[in-house]
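Q: here's my sequence, what's the structure:
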Amino acid sequence: MAEHDYVIVGGGPAGCVLASRLSEDPAVRVLLLEAGPEDKDPYIHWPAGFYKLTSSTRNGWGYETAPLAHVDGRRMWFPQGRVLGGGGSINAQVFTRGNPLDYDEWAEAEGCAGWSYRDVLPYFRRFEDNERFSNAWHGTGGPIGVSDPISPHAMSKAFVRAAQEAGLPYNPDFNGERQEGCGLYQVTQRRGRRSSAAVEYFRPAMTRPNLTLRTRAIATRVVIEHGRAVGIEYVEGGGSTRHTARAEAEVLVTAGAIGSPKLLLLSGIGPAGELRALGIDVVHDLPGVGRNLQDHIDVYVINEFNGPYSYNKHTRLHRQLWAGIQYYAFGCGPVTSNLAEAGGFWYADPDARSPDVQFHFLPGSGLEAGVTQLCEHGCTLNSAFLRPQSRGTVRLAGADPSADPLIDPNYFAEAYDREMSIGGFRLAREIMAQPAFRPYLRAECLPGPDVGSDAEILAYARQHGKTDYHPVGTCKMGVDALAVVDLELRVRGLERLRVCDSSIMPRLVSSNTNAPTLMIGEKAADLIRGIAHQAQTAPKELHAASWPNRYRR
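A: As a prediction, this is how the structure comes out:
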């Protein structure tokens, strides 16, 4: 049995951050276990490779949801990274943090003192190396490169004009003084390559003799002795031999919103009745494990262009060759695109205190999993309601660690979510109908002009809605009966065991989730090391009472 001070399970964004930060102390021995391979697939590092990654099982788990009761019983493709870097190695690289109110609600409504926006902003700034901003909201010199799109597509610029014509103000910085508006997203890239936690945190740390990586190592159980975590049981390379890695200090679970509850449940940590029904010995009755699953669901509109304006033209060989020459010779062109270059935040609920709809515009169709290419040249506008009230579950199908979990985001269970998603979709259609797009568009392909009533739009959303790849909440932080971890991310009722990833979010943030997960990793590293990080870097005027006024329309 190999012994380490810390055993980290899951090499996603938070796991890579923790491995890097904890191994900064040469006296601390750190082991990182990652179920997938190293991030050597070139599609990971080419920004436009995103279109290949969400539909592939080479660097992902290949999950589908359980049949979804409120989405016509569909099983939905549910991409989750299984590769060093996790979701940060396969995502669309959109850099958004959410709204400050999200974190203030964690602190105030969920009882998570120390996690308000003023508390977490220093951690966002610490990991950021922004090429354009250096101010109270942004950092420079951190590990993660944040940059502007190098070669934004002409249709992405047309979207920004159209959104302004529809009434959204232009916003040059969705992570700054205000979130609402439209614009080009900043992306987690550096010099035209993906800037992931695997590249920026873990790679530089790999030379340290006190840091060990084991890839294709699938954790099967947290080893608990006398109420404390002492190690991880795992199998390697698809084999059946079980190994144990001992942890003298702590076991840190960073397997994500699906993998982390699955591992706890397999370890006998979770709802006692549910575990006994599967023949799993109950180690610790913790009802909230696997509950509180939240995700954004995309409802999209696809329009056909009247000419070869989209990225779809690059499916032709000669176009691919030219794009490759542009990328390698000049560092520009379509390969540098994250494909979701433009977007924005606006309101479906007129009474919302902050934006509750997010848009991602893609100058192509069929560029991501779950969206079919319906026309030779088209564009896709995703709309996602940002604060769903529906709550789902992650459960085990059985006691076999190799079996996929039962994932049920429970989309559209609440009437409010359905109403707001319809409103967000209507906003998307309104943007696409503006003068900026008229010279380029032929017709709406999906759902088509015949779909107009709320009932028809909801039926379409149930048939075609897809995940926005933002699952969180299944090992929630808090003080209530369903809280799995406390405010220092320690599993309640057990010693030397923490969960430190997106699964601890008590509520889903109003944005993409990669940046918030990096923040969680940074804050967790300080909590584990006993470092009290002061929020003196936050501007003085930033306090909870200011958000409702500052971030309203």
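
Q: got the contact list for Asp285?
A: 270-272 (CB atoms under 8 Å, 6 or more residues apart in numbering). In this view, the C-beta of every residue, glycine as well, is placed from N, C-alpha and C.

Q: again with Glu495
A: 227-229.

Q: where does pLDDT dip in this protein?
A: 1-2, 313-318, 369-370, 372-373, 533-553 (pLDDT under 70).

Q: longest helix in it, please.
A: Taking DSSP state H as the criterion, the chain has its longest helix at helix 415-432.

Q: which one of the contacts of Glu495 is nearest to Glu105?
A: Using CB to CB, Ala229 comes nearest to Glu105 of these, at 30.4 Å.

Q: just say helix, strand or coil for the closest one.
A: The assignment at Ala229 comes out as strand when based on DSSP: H, G, I helix; E, B strand; the rest coil.

Q: wait, what's in contact with it?
A: 222-223, 247, 250-251, 491, 494-497.

Q: adding distance to Leu482 and secondary structure, write these out as CSV.
A: Listed next are these as CSV, based on distance: CB to CB, whole Å; DSSP: H, G, I helix; E, B strand; the rest coil:
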residue, distance to Leu482, secondary structure
Val222, 20, strand
Val223, 25, strand
Ala247, 27, strand
Glu250, 23, strand
Val251, 22, strand
Val491, 13, strand
Leu494, 16, coil
Glu495, 21, strand
Arg496, 22, coil
Leu497, 18, strand
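
Q: among those, name the buried ones.
A: For these, a burial check counting by 16 or more other CB atoms under 10 Å picks out 222-223, 247, 250-251, 491, 494, 496-497.

Q: make CSV out of the residues you listed and add distance to Pro79.
A: Formatted as CSV, the buried ones among the contacts of Ala229 follow (distance: CB to CB, whole Å):
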residue, distance to Pro79
Val222, 26
Val223, 30
Ala247, 30
Glu250, 30
Val251, 27
Val491, 27
Leu494, 31
Arg496, 32
Leu497, 28
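
Q: circling back: quick check, nearest of the contacts of Ala229 to Leu263?
A: For the contacts of Ala229, the residue nearest Leu263 by CB to CB is Val222; the value is 6.5 Å.

Q: what sits against that closest one?
A: With CB under 8 Å, 6+ apart, Val222 has these contacts: 9, 229, 231-233, 251, 253, 263-264, 267, 269, 497.

Q: next: Ile44.
A: 53, 59, 83, 85, 89-90, 194, 196.

Q: out of the residues you listed, which sit inside helices?
A: Per DSSP H, these map to helices at Leu53.

Q: out of the contacts of Ile44, flag the one nearest to Tyr309.
A: For the contacts of Ile44, the nearest to Tyr309 is Leu53 (24.3 Å; CB to CB).

Q: would you agree the closest one is in contact with Asn59?
A: Yes: counting by CB atoms under 8 Å, Leu53 touches Asn59, with 6.1 Å between them.

Q: joint contacts of these two?
A: 44, 89-90.

Q: looking at those residues, which is nearest Thr96?
A: So of these, ranked by how close each gets to Thr96 (CB to CB), first place is Ile90, at 17.1 Å.

Q: okay, and which of the contacts of Ile44 map to strands?
A: Among these, the members falling in strands (DSSP state E) are Arg194.

Q: ok, and the most crowded of the contacts of Ile44?
A: Ser196 (35 neighbours; other CB atoms under 10 Å).

Q: check contacts around it.
A: 13, 16, 39, 44, 85, 88-89, 188.

Q: put together JSON lines for those residues, with distance to Leu321 on each row.
A: Shown next, in JSON lines, are the contacts of Ser196 (distance: CB to CB, whole Å):
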{"residue": "Pro13", "distance to Leu321": "34"}
{"residue": "Cys16", "distance to Leu321": "34"}
{"residue": "Asp39", "distance to Leu321": "25"}
{"residue": "Ile44", "distance to Leu321": "21"}
{"residue": "Gly85", "distance to Leu321": "28"}
{"residue": "Gly88", "distance to Leu321": "29"}
{"residue": "Ser89", "distance to Leu321": "26"}
{"residue": "Thr188", "distance to Leu321": "27"}
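
Q: so which of these comes closest to Arg208?
A: Looking across the contacts of Ser196 and measuring by CB to CB, the closest to Arg208 is Cys16, at 13.5 Å.

Q: for the closest one, helix, strand, or coil?
A: helix.

Q: which residues in the stretch 301-450 of the chain form strands?
A: Taking DSSP state E, counting those that start in this stretch to define them, one finds strands in the stretch 301-450 of the chain at 342-346, 357-362, 378-385, 393-395, 406-408, 441-446.

Q: and the fourth one, what does it pack onto?
A: To tie it back to what came earlier, the one meant is strand 393-395. Applying 3 or more CB pairs under 8 Å, 6 or more residues apart in numbering; DSSP states H and E, one finds that strand 393-395 contacts helix 256-266, strand 406-408.

Q: can you rerun that using 6 Å?
A: strand 406-408 (3 or more CB pairs under 6 Å, 6 or more residues apart in numbering; DSSP states H and E).

Q: residues making contact with the strand it packs on?
A: By CB atoms under 6 Å, 6 or more residues apart in numbering, the surrounding residues in contact with strand 406-408 are 65-66, 78, 392-395, 397.
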